[in-house]
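Asks: A predicted structure for the sequence below; I have some questions about it.
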Protein chains: 2
Amino acid sequence: MSTINTAYQDLCSRHQRLHRLNHLQAIASWDQSANMPPKGNEARSLALAEMGGLLHELSTDPALAQLLDAAEAETLGDVEKANLREMRRAWRDANALPQALVEAKSLASSRCEHAWRSQRPANDWPGHLENLREVVRLAREEARLLAESSGLSLYDALLDRYEPGMRSADVDRVFGDLRQWLPGLIRAVQDRQASETTIEPVGPFPQAAQRALGLDAMKLLGFDFDGGRLDESAHPFCGGVPEDVRMTTRYREDTFLPSLTGTMHETGHGRYEQGLRRDWLGQPIANARSMGLHESQSLSFEMQLGSHPAFAQLLSPLVIKHLGDQPAFTPGNLQRLMTRVAPGFIRVDADEVTYPAHVILRYEIERPLIEGQIECEDIPALWDAKMQELLGIDTRGNYRNGCMQDVHWSAGLFGYFPCYTLGAMYAAQFFAAMRRETPELDARIAAGELNLVFDWLRDRVWTQGSRWTTPELVQRASGEPLNPAHFKAHLQARYLG
Amino acid sequence: MSTINTAYQDLCSRHQRLHRLNHLQAIASWDQSANMPPKGNEARSLALAEMGGLLHELSTDPALAQLLDAAEAETLGDVEKANLREMRRAWRDANALPQALVEAKSLASSRCEHAWRSQRPANDWPGHLENLREVVRLAREEARLLAESSGLSLYDALLDRYEPGMRSADVDRVFGDLRQWLPGLIRAVQDRQASETTIEPVGPFPQAAQRALGLDAMKLLGFDFDGGRLDESAHPFCGGVPEDVRMTTRYREDTFLPSLTGTMHETGHGRYEQGLRRDWLGQPIANARSMGLHESQSLSFEMQLGSHPAFAQLLSPLVIKHLGDQPAFTPGNLQRLMTRVAPGFIRVDADEVTYPAHVILRYEIERPLIEGQIECEDIPALWDAKMQELLGIDTRGNYRNGCMQDVHWSAGLFGYFPCYTLGAMYAAQFFAAMRRETPELDARIAAGELNLVFDWLRDRVWTQGSRWTTPELVQRASGEPLNPAHFKAHLQARYLG
């Protein structure tokens, strides 16, 4: 071992250890959602909390501060420097907040979220408001401390945890553009689709057949089953570890598209994890870069590729194989079913075109809320006005399907929402770059040559890990900074082309 | 908190922590056998090893020695004293062996076991012998150190890890008795069964139907599905944690009895874990007492109850429900199928009557091997002689199905084999005690009143945890020390009655 970077080597060993212990945490968390019987929950929660405490202890070991300083004075290559930057970032995140605040926020958000589970169906905004105020108070305190330690503005300090390097000035720029043309585009798409004929699939669709269809779709999308699985859970997610990816879905026998498209979505998350560089694994630089980039991969698989008219030709035979032949299962009809646009109350049920409206609205509320320009009491009126403006929907008095629909704010997750739409934009920008480089891309997809897409994403995104900040990675991958014109062009081509 | 037992309280907190961290280890280990895809193995093994090292570190913290001494001087109740005895035992086990020996033995047994996987099918005894010698050398060193720290003899020091309080003098006494009458009993049962007519079941038996049958059998046997699951693995076992028991089985479509009886067997292990006292959980006193007692519970479920002629009347309708009606599925025929006796080469395939012969043979070889009276080279000749004597079987030159059939010695597990037959004896002794207390026991079982059995086992075994040593528990539960006459009476009544 070289003697010139022993502090760096020591840090690497410590991160390797954290990676291994996190592995157990990740598998036990997946199991909690996918397998665990109810009576196991208390012991599991205590075990995960014990391990969480231990990991926090290891991440805040006072020796780390000296090691980081010493390593920064050592002679390191570019990759090592990037890894050290990520180590510093992880250390700052773990140390920025006093334990008392972390615990108070965890307690307040648990309480708020727990009560929300019954307050939402009861449409009880005043009850929810009381708990939410405390969560927001603590989130503002958190933002203040993170801003102090990072030198960022209040909201940016929160956003940076999910999307490193992204600033609200950038978000303002791209969301500002988006909100100009989106409402008009939604109306135009609706007008056009009003004259289309779409045949409804006829159920029921047995669960075992849906599972077999999902597995075949994952195979088509290149998921490596020697390094991962598909199981079931109440709320689908992609968990596990890069070496062993655990995807989940859920089934309803009256409809099959939600599970199928959800499975394609999670497959994008899964392949990102499976595609991370093996020789970096265990070090912070190996990790998937950000929430927005993760979402860009799931949307590349679900939307850019999965809802592509050419891809429908590959999917249709699989649907027929597992669910039987129906008039609804022709490629054209299947694609029409997967691209139907209709403004609605609920974000998680929204289509590709109306989804960004839900995100813009939340961003335009949570940012001033964190910055102290508005208070929790102001949320419903803002929600109603923006839903009317962006989607033409009346949400007055309908808190349940309005500002009480998401768990994020109850859980104290401010700064997360923009990532969903940033991901959609990154995905559109990546596919635009692919088309510039390979003009016959769409014909190749129609011919089933999907490796073109997978190889591009592997080279430009998956294997880059956390080598760069998000804006750097986007620039390097696509040759330009985040540019919402590609998302607009994608929606126009797919929905009005 | 009382100030008179603060050292004891500190020890309790530390064991609580170990219990929680062990939880993650147990679930990740179960997952490794039941779910994990092949590419996950390396990272999983590293994660489990990292956690193993951490748990060892916590269990050998030098502060523990002072705390144990201080706690022993504190004022404690009887339960606390028993818990402290178990803490001392855990501490002695963790500290008795130098890390270098633990690692050398782990390495040697991994190498031996790995090579054995291909040497066994190749019948390569000379190749195996070379690796086995090193494992035995290290196991003898281990026995020497454990004997020094415990004051026990060499073999007893190993046996005590699996069966606390059990001594080879006791094993000699009960196995010595057993080996007198067992060969004659086996011949008598074979003569009798030669004149019986048994109808063979006709397969195939679809896996899904077998799984449904196994789940119904588990329900009949009172398994709590809110606190556990049944899955599949290559080698069936009962894992997980008391709060969330993870049983596994395996299926072959040409036969259903191995999976069904295996499931009933694991259900016994599972209910023991589910029946441990909740208010003690997290402390050493809560743990299942020993390997032999664990086996007594699995055999209570599989053999004492599961192969009981009256139980066959409860099982028969379930078999018919899931596998269809067949002449082979009458209660009488089903029970004949489950109690067929035939001497064979392989221990794990052996019936209830011949199984103890396999165990006696191994005990009579491994004990002198550990004590240095014989060497590895002597094993085959002893094996051949004892197989001839006990089961009338010729194993000369057949190492594969002779002394190379088990993984235990390759894995360095000496002192474990007796537990299988001690378990069978405990189970027979427990059921004899139940019959003394409830003379109409068999009629009650026939009437489906199984709670009588479950309640007895819960009161006398499950809820006792590690409150007593094994001999103490057996005495308290059944009113006498381990007595092989009950096992003999059980076999005579069931197979010659």
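Replies: Thanks, I have the structure now. Bear in mind that the values here come from a model prediction, so they are computed numbers and not experimental data.

Asks: Pull the contacting residues for residue A:29.
Replies: Residue A:29 is in contact with A:48, A:239, counting by C-beta atoms under 8 Å, 6 or more residues apart in numbering or on different chains. Where C-beta positions appear, they are placed from N, C-alpha and C, glycine not excepted.

Asks: buried sites along the host helix or strand of it?
Replies: Here residue A:29, judged by DSSP states H and E, is contained in helix A:6-34. For helix A:6-34, burial by neighbour count (16 or more other C-beta atoms under 10 Å in any protein chain shown) applies to A:7-9, A:11-12, A:14-15, A:17-34.

Asks: and if you look at stretch A:129-137?
Replies: By neighbour count on 16+ other C-beta under 10 Å, the buried set for stretch A:129-137 is A:129, A:131-132, A:134-136.

Asks: Pipe the residues you listed into TSV and attach pLDDT, distance to residue A:42 and secondary structure per row.
Replies: Shown next, in TSV, are the buried residues of stretch A:129-137 (pLDDT from 0 to 100; distance: C-beta to C-beta, whole Å; DSSP: H, G, I helix; E, B strand; the rest coil):
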residue	pLDDT	distance to residue A:42	secondary structure
A:129	97	30	helix
A:131	96	23	helix
A:132	97	27	helix
A:134	96	25	helix
A:135	96	24	helix
A:136	98	29	helix
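
Asks: Tell me who's in contact with residue A:218.
Replies: Residue A:218 touches A:225, A:230, A:247, A:263, A:267, A:270, counting by C-beta under 8 Å, 6+ apart.

Asks: so can I have a markdown table of these showing distance to chain B, secondary structure and pLDDT?
Replies: Shown next, in a markdown table, are the contacts of residue A:218 (distance: C-beta to the nearest C-beta, whole Å; DSSP: H, G, I helix; E, B strand; the rest coil; pLDDT from 0 to 100):
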| residue | distance to chain B | secondary structure | pLDDT |
| --- | --- | --- | --- |
| A:225 | 6 | helix | 98 |
| A:230 | 11 | strand | 98 |
| A:247 | 12 | strand | 97 |
| A:263 | 17 | helix | 98 |
| A:267 | 15 | helix | 98 |
| A:270 | 12 | helix | 98 |
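
Asks: Spell out for me the PyMOL command that would select the buried members of these.
Replies: A single PyMOL command selects the buried members of the contacts of residue A:218 (16+ other C-beta under 10 Å):
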select buried, chain A and resi 230+247+263+267+270
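
Asks: okay, how far is it across stretch A:267-282, tip to tip?
Replies: This stretch, stretch A:267-282, spans 22 Å end to end (C-alpha to C-alpha, to the nearest Å).

Asks: residues of it that come out buried?
Replies: Within stretch A:267-282, the residues that count as buried by 16+ other C-beta under 10 Å are A:267-277, A:280-282.

Asks: And for stretch A:54-71?
Replies: So, applying 16+ other C-beta under 10 Å, buried residues of stretch A:54-71: A:54-55, A:58-59, A:64, A:67-68, A:71.

Asks: same deal with stretch A:434-452?
Replies: So for stretch A:434-452, counting by 16+ other C-beta under 10 Å, buried means A:434, A:441-442, A:444-446, A:450, A:452.

Asks: Kindly report the same for stretch A:408-420.
Replies: Buried residues in stretch A:408-420 (16+ other C-beta under 10 Å): A:408-420.

Asks: mind putting those residues in JSON lines, pLDDT and secondary structure included?
Replies: Below are the buried residues of stretch A:408-420 laid out as JSON lines (pLDDT from 0 to 100; DSSP: H, G, I helix; E, B strand; the rest coil):
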{"residue": "A:408", "pLDDT": "94", "secondary structure": "coil"}
{"residue": "A:409", "pLDDT": "95", "secondary structure": "coil"}
{"residue": "A:410", "pLDDT": "93", "secondary structure": "coil"}
{"residue": "A:411", "pLDDT": "91", "secondary structure": "coil"}
{"residue": "A:412", "pLDDT": "93", "secondary structure": "coil"}
{"residue": "A:413", "pLDDT": "95", "secondary structure": "coil"}
{"residue": "A:414", "pLDDT": "97", "secondary structure": "coil"}
{"residue": "A:415", "pLDDT": "97", "secondary structure": "coil"}
{"residue": "A:416", "pLDDT": "97", "secondary structure": "coil"}
{"residue": "A:417", "pLDDT": "97", "secondary structure": "coil"}
{"residue": "A:418", "pLDDT": "98", "secondary structure": "helix"}
{"residue": "A:419", "pLDDT": "97", "secondary structure": "helix"}
{"residue": "A:420", "pLDDT": "97", "secondary structure": "helix"}
